[in-house]
Each structure stands twice: as C-alpha cells, then as structure tokens.
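> Sharing a model that was predicted from the sequence below.
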Amino acid sequence: MPRASDRLYALAMAADVTAILYGSTGLDALAGISVDLLICANAFVFVPAWVRQQARYAIGFHPSLLPLYRGKTSVADAIAAGERITGGTVYHLTDEMDAGPVAFQDGCFIHNGEQAPDLWRQALAPMGLELLIRAADHLAAYGFIPAEEQAIL
C-alpha cells in the first residue's frame, strides 16, 4: 500500500488513473497490457526493460539537474557539495539508473542552512509533480515527449 503522504498515487486514484505500486504483485499487473505513459517517481528502484516496453513512453523524476548527482542521495549530495542551485529532471527510463535522455528540467535555489528533507518538501517534490504534469500534457498535445541526451550546461 502507498504511504499516506504519497500525493502522486492519491492524485492518480482521484483522477481514476490506474497507478501500480512497485513490487512483484504490482509489476505482474503490467504483464500483457500496454499503456501510453509509465511514470516512475521517487521510487529508488530500477524499472526493468520488460516493464518499460509495456509503455509508449517510460519516464521518471529525479531530484537533481541530471547528469549531476545521480542516485538516491542526490539532494543531500548537492547540499554537501555546497551547491547554491539544484533542480529536478524528468527523463526517459533506460537500462542505466538516472541516465536516460532529458525531457524537462527546472531549477531552484538551495537556501543557507537548508536540509535535504526541507528542500525536498518545499521545492523538489512540488517541482516533480509540475514537471511530470508538463510531460503528460506535452504527450497529450503533441504526441511525444522530448528527449535530449544528458549534458552539463
């Protein structure tokens, strides 16, 4: 079951959108079906190729400006490195963790003394929802989700 704080899952259910939780029973539910869009957000898991292939597009949200700070400690790593700016990335899922082409990115400031949980709650989680909605809206309006190889600008 999702955590009570899982707003993305709650929004999907409220909108009558099928949401499947990661895990053996959740993944098994995908066998033999096809979907337009598969979204993986804040999951800290690798999505296998056979699952990604069930969707026209498989995207994820990562709380950094990829390719910077890959991995599950990206928010804390950016703060520890003394970064003043970070952000979030919606990217296409591939065989490498956090390495797929970028669809959308946005940035935010890291304020003095800000800790990873606060930055996540106040800036990055809301940003993730906005970027995922932007990707879904783009797919609905134009029939595709942009894909640019990751690069440090």
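Sure thing, it's come through.

> Could you pull up the residues touching the closest residue to residue 35 other than its chain neighbours?
Distances taken as Cβ to Cβ, 6 or more residues apart in numbering put residue 55 closest to residue 35, at 4.8 Å, once the chain neighbours are dropped. For glycine as for every other residue, the C-beta is placed from the backbone atoms N, C-alpha and C. Listed by Cβ atoms under 8 Å, 6 or more residues apart in numbering, the contact partners of residue 55 are 34-38.

> ok, now residue 139?
36-37, 57, 145.

> Pull out the buried residues from these.
Neighbour counting with 16 or more other Cβ atoms under 10 Å marks 37, 57, 145 as buried within the contacts of residue 139.

> Can you name the next helix or strand after the helix or strand bottoming out on mean pLDDT in the chain?
One helix or strand of the chain scores below all others by mean pLDDT, DSSP states H and E: helix 24-28, with a mean of 69. Going down the chain from helix 24-28, the next helix or strand is strand 35-41, by DSSP states H and E.
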